[in-house]
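Novice: 3D model of this:
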Amino acid sequence: PDPRPGPGWRPVADACPGAAHPRATSLRAPGAPGACAGADPRHTLVVIDDLLARIRKRRRLDGFDLLAAHRLRERRELLRRHAHRRPAPGSAPTRGWVHGDFHPLNVLYAGTAPHEPLAIVDWDRLDVQPLAEEVVRAGVIFFLRQDGTLDLGKLGAYARAYRDATGAGPAELAAAVHRVWWERLNDFWMLRWRYQLRDHRTDAQFPAAAALVVWWTAEYPTVRDAFCE
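Specialist: Residues are numbered from 1 along each chain as shown. Presented below is the predicted three-dimensional model:
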């Protein structure tokens, strides 16, 4: 199996893991995933500097390199402005069995009923993790537009269905939105694939994903409300 991370990955040293599925038991073991602090922006700034240095060393810069360098510098400024919003350690959220990498490429649909899921695949990250956080992760992947914004209407309907089916409260989802936003603000897995692993398979995903972080930061209350109201 490919040891490299999939679409939901972020560095274990930088952020707490999480995922989603029907609600289950609540675990509150000290130091359990979901109870730790969010990614340390000081570590993220080191990653940004390393990636920028790798771009500068390239003999010829293409359009992707220029966009990546712009987004890295932009993210560095966002981190400096929002460092005080780093999620603090807290009690572990409701946790249960989760898929761990839930995104559109892992859902198969019946050919005669394109809106009817046929199967969910790629279960190698099955684990017990915070539920609401992966609900948020999945939502911002499924309803991401090409311009880096979210379809808030569909996102809101998705979140309401989850709340109705599970009984999850607004406070739990608001906390999950905050943690996943912070996680995305500190994450550069696509650029790490390109510049550290020389793997270009995720290049096409980067423009929208990088734009989302900037848009989400500016529209933070709106995105939170879409999940919670």
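
Novice: What pairs with the worst-scoring helix or strand of the chain on mean pLDDT, parallel or antiparallel?
Specialist: Least confident helix or strand of the chain, by mean pLDDT, DSSP states H and E, is strand 113-120 with a mean of 78. Neighbouring strands of strand 113-120 in its sheet, by DSSP bridges, are strand 107-110 (antiparallel).

Novice: Report the buried residues of the strand it pairs with.
Specialist: Buried residues in strand 107-110, counted by 16 or more other Cβ atoms under 10 Å: Val107. (C-beta placed from N, C-alpha, C; glycine too.)

Novice: what do you get for stretch 38-52?
Specialist: Residues of stretch 38-52 classed as buried: 38-39, 41, 44-45, 47-48, 50-52 (neighbour count, 16+ other Cβ under 10 Å).

Novice: ditto for stretch 148-158
Specialist: Residues of stretch 148-158 classed as buried: 148-150, 152, 155-156, 158 (neighbour count, 16+ other Cβ under 10 Å).

Novice: do stretch 121-136 as well
Specialist: Within stretch 121-136, the residues scored as buried using 16+ other Cβ under 10 Å are 122, 125, 127-136.

Novice: Pick out the most distant pair among these.
Specialist: Asp122 and Ala132 (21.2 Å; Cβ to Cβ).

Novice: Where does pLDDT dip in this structure?
Specialist: 1-35, 91-92, 112-114 (pLDDT under 70).

Novice: try 80 this time
Specialist: Along the chain, segments meeting pLDDT under 80 span 1-37, 90-93, 111-115.

Novice: Where do the strands of this structure begin and end?
Specialist: 95-98, 107-110, 113-120, 127-130 (DSSP state E).

Novice: In PDB, could you pull the C-alpha coordinates for the third one?
Specialist: Think strand 113-120. Taking Å, rounded to 0.1, in the frame of the first residue of the first chain, the C-alpha atoms of strand 113-120 are listed here in PDB:
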ATOM      1  CA  ALA A 113     -29.100   6.300  -9.800                       C
ATOM      2  CA  PRO A 114     -26.300   8.900  -9.800                       C
ATOM      3  CA  HIS A 115     -27.500  10.400  -6.500                       C
ATOM      4  CA  GLU A 116     -27.700   7.100  -4.700                       C
ATOM      5  CA  PRO A 117     -24.400   6.000  -3.000                       C
ATOM      6  CA  LEU A 118     -23.500   2.400  -4.000                       C
ATOM      7  CA  ALA A 119     -20.400   2.000  -1.800                       C
ATOM      8  CA  ILE A 120     -17.800   3.700   0.400                       C
END
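
Novice: ends of stretch 133-151, how far apart?
Specialist: This stretch, stretch 133-151, spans 19 Å end to end (Cα to Cα, to the nearest Å).

Novice: buried stuff in stretch 88-100?
Specialist: Of the residues in stretch 88-100, 92-100 count as buried by neighbour count, 16+ other Cβ under 10 Å.

Novice: which one of those sits closest to Arg58?
Specialist: Checking those against Arg58 by Cβ to Cβ gives Gly100 as the nearest, at 33.9 Å.

Novice: Which member of the buried residues of stretch 148-158 is positioned nearest Tyr195?
Specialist: Checking the buried residues of stretch 148-158 against Tyr195 by Cβ to Cβ gives Gly148 as the nearest, at 20.8 Å.
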